[in-house]
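# Give me a 3D structure for the following:
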Amino acid sequence: MAEKITLLETKLQTTENEVLDLRSLIGGKPQVAFSAALRDSGSGNIGPFTTATALQYKKVFSNTGNSYNPSTGIFTALVKGMYFFRFTMFTNFSPPPNSVVSLMKNGQQLVSVWDVATSDTNDTGSNAVVIPLEVGDNVYVKLHENRLVYDDAANYNTFSGFLLFTM
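Modelled structure (predicted):
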């Protein structure tokens, strides 16, 4: 038992030293940033769904801090602070329902991008916000019910965010 305790104490000390080394590398400041695209392969429409749905951005370009979950499409704040978020939407109307996507914080709509099918078939739009987040707050992009977006290897639909500063 004494041997195991000594081994665990050694591992704990090693871990503490690694944490101190990492803090010195980043200056003790948390680093949070992510960027992702809707599809990691293939092409086609996402939607329409009968209910509003969180878009799952599967192709992750970066995820420093691991706050973005590509399985759910949800960013969860692990640090209290002021954040910047941006998203883009691309539509290829075939069939032609309108496209509406919104940036959501804890289930509340913040900003949206909307497009109506007209004589042109391809449209794109984007929106962005700077918002305060508490630890545990969730941010995601919602595709409204009966709407769709189109994506392919060009990565037209993206979702990105980063911590500006802690509070």
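
# Break this structure down into its domains, please.
If you go by automatic domain parsing, the domain ranges for the chain are 1-29, 31-166.

# most packed of the ones you listed?
Of the domains of the chain, the one with the most neighbours on average (mean count of other CB atoms under 10 Å) is domain 31-166, at a mean of 17. Just so you know, the C-beta spots here come from the backbone N, C-alpha and C atoms, and that holds for glycine as well.

# for the chain, what spans make up the strands?
Ranges of strands within the chain are 33-37, 44-46, 53-54, 59-64, 68-69, 74-76, 81-92, 99-105, 108-115, 122-133, 138-143, 149-151, 158-166, based on DSSP state E.

# Tabulate those in a markdown table, adding columns for mean pLDDT and distance to residue 15.
Formatted as a markdown table, these follow (pLDDT from 0 to 100; distance: least, CB to CB, whole Å):
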| stretch | mean pLDDT | distance to residue 15 |
| --- | --- | --- |
| strand 33-37 | 97 | 25 |
| strand 44-46 | 85 | 42 |
| strand 53-54 | 95 | 35 |
| strand 59-64 | 97 | 21 |
| strand 68-69 | 98 | 25 |
| strand 74-76 | 98 | 24 |
| strand 81-92 | 92 | 26 |
| strand 99-105 | 93 | 34 |
| strand 108-115 | 90 | 39 |
| strand 122-133 | 89 | 28 |
| strand 138-143 | 97 | 29 |
| strand 149-151 | 86 | 41 |
| strand 158-166 | 96 | 24 |
